[in-house]
Every structure is written in C-alpha cells, then in structure tokens.
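What follows is a predicted structure for the sequence shown.
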Amino acid sequence: MPAGRMSASRYFDEFEVGMVIEHEQSRTVYAADTAGFSALFHHHNPLYLDESRAAEAGLDGLVVNPLYLFNLVLGLTVRELTESAGPFLGAERIEFLRPVHPGVSIRARSTVLAKRPSSSRPGWGVVTWETVGWAPDPVGDVLRYDRSNLVPFAITGGIV
C-alpha cells in the first residue's frame, strides 16, 4: 500500500483491463459457518445442515451453502478492489462450479473486464471484474461471477 494511503484498494485510474489481482486473504470454511448462515437466512436445505441427508443424496458430507460461498468470496475481494470505493452496482453471471465441503480453504482472484467513466457522477468510473473463488488442488475453481462498482478517480478521490 503506497505511503499516505488508508486502503489497499485502487482508484479508477489504477485499474487496467486484463489486470489480474490475486487476493491476499483466504478463509477456511467450517461446518458452523454454513449451518449458521443457513439458519440465519432460513435456507433449510438438508444438504447444508444434515450429514445423513447429505450422504443419502450421494454426497461426501455436508455441502457449503452456495450463497454463503458467494458472500465469502465477495468479502475476500473487498480490500484490494472496493474498500474505499462507492456503491456496489451488482453481480451477474454467478456460476457455482462445484460443491464445496467444510474444511476447504477458499481464495479469490479477480480480473478487470471493463472500465468506463461514469456518465452520471463526475470524478467516478464504473469498473467490472470477473472474480473466481478457488481452493487448492484437487478442488480448483468453485465459483465465478462478474461484479461492478463505482470507483473514484485518483485526482478527485470521488469528491467533486
């Protein structure tokens, strides 16, 4: 992080199409994480909560709730992408590539897909990234999505 900067996230000017960011943070998913998330949001799918029901379905144990996985991967990207940015504009093309089981450590990698100045907010631009959530071999890629945010230009810091 450059001297005098409060955040590791970049300004609009610092993102280049094709740039790949390997996110620093990772997180091991525990059975309590997926059970707590599923209970809190009333996702009562037994594959996330009941070992015997998951086995009956032919799985090797509980499956991590995919919406928890999406939120986890999104959270892993915040520091480098949007910690000091503006509003989250949404996610598209969310793909859950394979089941994840508790005990797996998840990492994230983002690639800048597009960037353009905002047509409605001077001093800001829209950046779109493809983010891939992955786990070390043999698991591999587990999640992929595109995400856009408003990001301030360096010269204004978003203040005009």
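Ah, there it is.

C-alpha only now, for contacts and for neighbours.
Noted.

Considering only helices and strands, which part of this structure has the lowest mean pLDDT?
Least confident element among the helices and strands of the chain, by mean pLDDT, DSSP states H and E: helix 46-49 (a mean of 89).

Run through the strands of the protein in chain order.
20-22, 27-28, 88-96, 105-117, 124-135, 140-152 (DSSP state E).

Can you give the distance of the first one from its chain's centre?
The reference is to strand 20-22. How far strand 20-22 lies from its chain's middle: 12 Å, per C-alpha atoms, centre = their mean, to the nearest Å.

Which positions in it come out as buried?
20, 21 (16 or more other C-alpha atoms under 10 Å).

Quick one: list the elements packing against it.
Counting contacts by 3 or more C-alpha pairs under 8 Å, 6 or more residues apart in numbering; DSSP states H and E, strand 20-22 packs against strand 105-117.

Within its sheet, name the partner strands of the strand it packs on and how each one runs.
strand 20-22 (antiparallel), strand 27-28 (antiparallel), strand 124-135 (antiparallel) (DSSP bridges).

That strand vs strand 140-152, what angle?
40 degrees (axes from the mean of the first three to the mean of the last three C-alpha atoms, to 10 degrees).

Mind listing residues that contact strand 105-117?
12, 15-23, 25-29, 73, 76-77, 123-136 (C-alpha atoms under 8 Å, 6 or more residues apart in numbering).

From those residues, list the buried ones, please.
12, 15, 20-21, 23, 26, 29, 73, 76-77, 123-135.

Low-confidence bits of the protein, can you list those?
1-7, 156-160 (pLDDT under 70).

follow-up on the earlier one: including distance to residue 39, could the strands of the chain go into TSV?
As requested, those are arranged in TSV below (distance: least, C-alpha to C-alpha, whole Å):
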stretch	distance to residue 39
strand 20-22	31
strand 27-28	19
strand 88-96	21
strand 105-117	21
strand 124-135	23
strand 140-152	22
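
Just tell me which of those strands ends up closest to residue 41.
Closest to residue 41 of these is strand 88-96 (C-alpha to C-alpha; 19.0 Å).

circling back: elements contacting the least confident helix or strand of the chain?
helix 31-40, helix 51-56.

will you turn the ones you listed into CSV that also has mean neighbour count and distance to residue 155?
Shown next, in CSV, are these (neighbours: other C-alpha atoms under 10 Å; distance: least, C-alpha to C-alpha, whole Å):
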stretch, mean neighbour count, distance to residue 155
helix 31-40, 16, 40
helix 51-56, 15, 53
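
Need those helices in JSON lines (columns: distance to residue 91).
Formatted as JSON lines, these follow (distance: least, C-alpha to C-alpha, whole Å):
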{"stretch": "helix 31-40", "distance to residue 91": "20"}
{"stretch": "helix 51-56", "distance to residue 91": "29"}
